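**Q** Here's a sequence, model it:
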Amino acid sequence: MKKNVFKGKNIRIDPLSEWLRGAEGQAVVSRVACSMLWMLGSGSLSPGFLWHVAIPRDAPDELLKEIRSELVLFILENKARLRIILSAENQNCHHYLRRAFVNHWIEKTRHPLRDPRRYLYKRAADVLRASEQFYTLTEKHRGLAFSMTPNSIAIPSLTSEDVREIAFPVRIVGGLDYAFVNKKKAILDLAAYLWNQISQMWQDKPVRVALRDLIHWISLHVPISLRLSGKNDLPDILADERFTADKIFFDPGLVRT
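**A** Have a look, this model is predicted:
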């Protein structure tokens, strides 16, 4: 794994993240996303996975961006297993990625559990997009990212080791409880804190931080795995995001080399 060194810190670059940023990875993601859009339009997949009650027919480009964002998040969350099939040597990797993502999509809409982690991701995305304090951008290789400056630079996705090195400021949210971090002010304050910390890691450069890194960082310190209750319940149509890599469908016998 490659490393970039800034201010004495090791910024680890994951090979799969590099693949996603490259032309080959982008081509595979685009191909699979377009296929998923077609399946969604044909009624083969539920729009609930994308937080829609019905398919928004008037904005296909935006819908495709949402699918790409979910697909990239799926790849990054399951990279330990997917790294085996997403490689330059596998000429048919898009077939297996599509199958795995379809299974993931169906599984999550078939069992609509209320998932606080997925809810927090969606809520944070909405809060950051609506805030005048932040600038958001949907990046092809890692989904939604945010910055506190209009002219920001892309950086590699953080590894778990990088995220763990950043201390959690309990004073900002008032406590290590989901009820605290789910508030609008807490989300904005935590996003600003994390952005500043990562910017310092990159020699005070105006970086863009992946939203998934913010949620990952929060989840390391705040228990958000319990089901929601009361007014914060998600509609039953929403998909559950709790997915383990060992459930990915992959038949090595179908691989053609």
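**Q** Show me the strands in this structure, by range?
**A** 2-6, 9-13, 135-139, 143-147, 209-210 (DSSP state E).
**Q** and Pro150, what is it in contact with?
**A** Tyr135 (CB atoms under 8 Å, 6 or more residues apart in numbering). All C-beta atoms are positioned from the backbone trio N, CA, C, and that covers glycine.
**Q** where's it relative to Asp126, distance?
**A** Computed as CB to CB, to the nearest Å, the Pro150 to Asp126 distance reads 20 Å.
**Q** Which residue is the nearest non-sequential neighbour of Ser30?
**A** Residue nearest to Ser30 in three dimensions, not counting chain neighbours: Arg68, with 7.4 Å by CB to CB, 6 or more residues apart in numbering.
**Q** correct me, but that neighbour touches Ala33?
**A** Yes - in this structure Arg68 lies within contact range of Ala33 using CB atoms under 8 Å: 4.6 Å.
**Q** shouldn't Met148 be in contact with Tyr135?
**A** Yes - counting by CB under 8 Å, Tyr135 is a contact partner of Met148 at 7.3 Å.
**Q** OK, contacts around the residue nearest to Ser30?
**A** Counted by CB under 8 Å, 6+ apart, Arg68 has contacts 29-30, 33, 138, 140, 143.
**Q** Reformat those residues as CSV; add distance to Ser17.
**A** Formatted as CSV, the contacts of Arg68 follow (distance: CB to CB, whole Å):
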residue, distance to Ser17
Val29, 12
Ser30, 17
Ala33, 18
Thr138, 16
Lys140, 12
Gly143, 12
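**Q** how many neighbours does Glu139 have?
**A** Neighbourhood size, Glu139 [other CB atoms under 10 Å]: 18.
**Q** Test of understanding: give the bridge partners of the nearest residue to it once chain neighbours are set aside.
**A** In space, and not counting its chain neighbours, Glu139 is closest to Ala145: 5.1 Å by CB to CB, 6+ apart. Using DSSP bridges, the bridge partners assigned to Ala145 are Leu137, Ala210.
**Q** Ala145 contacts Tyr135, correct?
**A** No - between Ala145 and Tyr135 there is no contact under CB under 8 Å: 9.3 Å.
**Q** More neighbours: these two, which one.
**A** Taking other CB under 10 Å, Ala145 and Tyr135 do not tie; Ala145 has more neighbours (24 against 18).
**Q** got a pLDDT number for the more buried one?
**A** Note for Ala145: predicted pLDDT of 89.
**Q** quick one: contacts for it?
**A** With CB under 8 Å, 6+ apart, Ala145 has these contacts: 136-139, 154, 208-211.
**Q** Can you say which of those residues are buried?
**A** Buried members of the contacts of Ala145, scored by 16 or more other CB atoms under 10 Å, are 138-139, 208-211.
**Q** Pipe those into JSON lines and attach pLDDT and distance to Tyr178 per row.
**A** Below are the buried ones among the contacts of Ala145 laid out as JSON lines (pLDDT from 0 to 100; distance: CB to CB, whole Å):
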{"residue": "Thr138", "pLDDT": "78", "distance to Tyr178": "26"}
{"residue": "Glu139", "pLDDT": "72", "distance to Tyr178": "27"}
{"residue": "Arg208", "pLDDT": "92", "distance to Tyr178": "26"}
{"residue": "Val209", "pLDDT": "92", "distance to Tyr178": "21"}
{"residue": "Ala210", "pLDDT": "89", "distance to Tyr178": "21"}
{"residue": "Leu211", "pLDDT": "91", "distance to Tyr178": "17"}
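**Q** where's the closest residue to Arg98 other than its chain neighbours relative to Ile218, distance?
**A** Nearest residue to Arg98, sequence neighbours excluded (CB to CB, 6+ apart): Val32, at 4.7 Å. According to CB to CB, Val32 stands 29 Å off from Ile218.
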